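J.: Sequence and predicted structure below; questions after.
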Amino acid sequence: MSSAQKKVKVILLSGQSNMAGAGNYDNLDSEIKNRIVKASKTVRLSFNGEEAKPLSYYDNKPSEKYNFKNRFGPELLLGVSLAEKYPNQEFLVVKKSMGGTALYGAWNPNWTLQKSEAVEKGEKKHHLKLYSTHIQDIKQNLDLIEKEGKTYTIIGLCWMQGENDAAKEVSARSYKVNLKELHNAYKRDLNLEKLPFVIGQINSTYGRFKEGPDMVRQAMADFCKENKNAILLKTTTNRKWKDYPKHTDNVHYNAEGQKRLGIAFGKKIIKLNK
């Protein structure tokens, strides 16, 4: 076993619905699918606390909105990008995501019920502590790596979130501060001196606070300008979505959009680790 195979490189993924992903795997062409299958030999995925498995799509309950069974997010082409760049390296992706959740609330490292109730919709989401459960998922996976007789290095965090924070004034105005808190919390709780951080810029327009989306987009850009270990994955607000195509709901990325998003996240992670 080579030294590269003994050391696992770990990537953290977190966010809301566009990190969860609404890409239809069956809409990908055979060349992309073959690359994903090949990457799955060296890339594993642990999604929402489940045991790490070879990189693949996940099961979706068909609905009127998304009438397909095989669903994926940015992890697939992120994994392909890393596997093809470093073919002898083993990778683990630890992903935590849930649609319709806020950094001010469920994702807040300094979680309080009061903050969560201010922004999260529904009683079930009021009690979600997604940041702390992601840390638990990560630590469990790291322990398993060590039990396999291997070592690990965490090489980055990819964040695709912010639409729900943009929908309300209290969370939009505090987004940059909360983003800094989030980054610092991951470093603190995982004992990391630095953590490369790729932030996917939102481009939603829903919510009653009209200034919110632009405010959160700017907070993301400003944070990245001020942090040498952070990089912005820019998106357009043009509703033709030519950069990262979307479903007709104008919110969620389709298969092509998720494919491009994953490739972009992979390139940014590689760049931050040079």
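T.: Here it is on my side, so go on.
J.: Mind pulling up the pLDDT for residue 207?
T.: Looking at residue 207, its pLDDT reads 83.
J.: and it, what are its phi and psi?
T.: Residue 207 adopts backbone torsions of phi 110, psi 160, taken as degrees, to the nearest 10.
J.: can you check residue 233 too?
T.: Backbone torsions of residue 233, given as degrees, to the nearest 10, read phi -100, psi 100.
J.: low pLDDT regions in the chain?
T.: Low-confidence segments of the chain (pLDDT under 70): 1-5.
J.: End to end on stretch 47-60, go ahead and measure it.
T.: Counting by Cα to Cα, to the nearest Å, you get 14 Å between the two ends of stretch 47-60.
J.: Pull out the buried residues from it.
T.: For stretch 47-60, the neighbour count (16 or more other Cβ atoms under 10 Å) marks 47, 52, 55, 56, 57, 58, 60 as buried. Backbone N, C-alpha and C define where each C-beta goes, glycine included.
J.: Please, where are all the strands along the chain?
T.: With strands called from DSSP state E, the chain shows them at 7-15, 23-24, 43-47, 53-54, 58-59, 70-72, 90-97, 151-160, 197-200, 230-233.
J.: I'd like the ones you listed as TSV, with distance to residue 169 appended.
T.: As requested, the strands of the chain are exported to TSV (distance: least, Cβ to Cβ, whole Å):
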stretch	distance to residue 169
strand 7-15	21
strand 23-24	32
strand 43-47	33
strand 53-54	41
strand 58-59	35
strand 70-72	33
strand 90-97	25
strand 151-160	22
strand 197-200	21
strand 230-233	23
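J.: The ones you listed: which one's closest to residue 84?
T.: Nearest of those to residue 84, taken as Cβ to Cβ: strand 43-47 at 10.3 Å.
J.: angle of the closest one against strand 7-15?
T.: Going by axes from the mean of the first three to the mean of the last three Cα atoms, to 10 degrees, strand 43-47 is angled at 40 degrees with respect to strand 7-15.
J.: list the helices and strands strand 43-47 packs on?
T.: strand 53-54, helix 75-85, strand 90-97 (3 or more Cβ pairs under 8 Å, 6 or more residues apart in numbering; DSSP states H and E).
J.: Which one of those lies nearest to residue 111?
T.: Nearest to residue 111, of all those, is strand 90-97, at 14.2 Å by Cβ to Cβ.
J.: Would you mind pulling up the elements that that closest one packs against?
T.: Counting by 3+ Cβ pairs under 8 Å, 6+ apart, strand 90-97 packs on strand 7-15, helix 17-20, strand 43-47, helix 75-85, helix 130-147.
J.: let's see it at 10 Å
T.: Counting contacts by 3 or more Cβ pairs under 10 Å, 6 or more residues apart in numbering; DSSP states H and E, strand 90-97 is packed against helix 3-6, strand 7-15, helix 17-20, strand 43-47, helix 75-85, helix 130-147, strand 151-160.
J.: Could you save the ones you listed as CSV and add columns showing distance to residue 92?
T.: Shown next, in CSV, are these (distance: least, Cβ to Cβ, whole Å):
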stretch, distance to residue 92
helix 3-6, 13
strand 7-15, 5
helix 17-20, 17
strand 43-47, 5
helix 75-85, 10
helix 130-147, 6
strand 151-160, 7
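J.: Enumerate every residue touching residue 156.
T.: Going by Cβ atoms under 10 Å, 6 or more residues apart in numbering, residue 156 touches 9-13, 78, 82, 195-198, 229, 231, 265-266, 268-270, 272-273.
J.: In ChimeraX, how would I select the buried members of these?
T.: To isolate the buried subset of the contacts of residue 156 in ChimeraX, counting by 16+ other Cβ under 10 Å, use the following:
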select :9,10,11,12,13,78,82,195,196,197,198,231,265,266,268,269,270,272
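J.: that older thread, what two of the buried residues of stretch 47-60 are the furthest from one another?
T.: 52 and 60 (20.1 Å).
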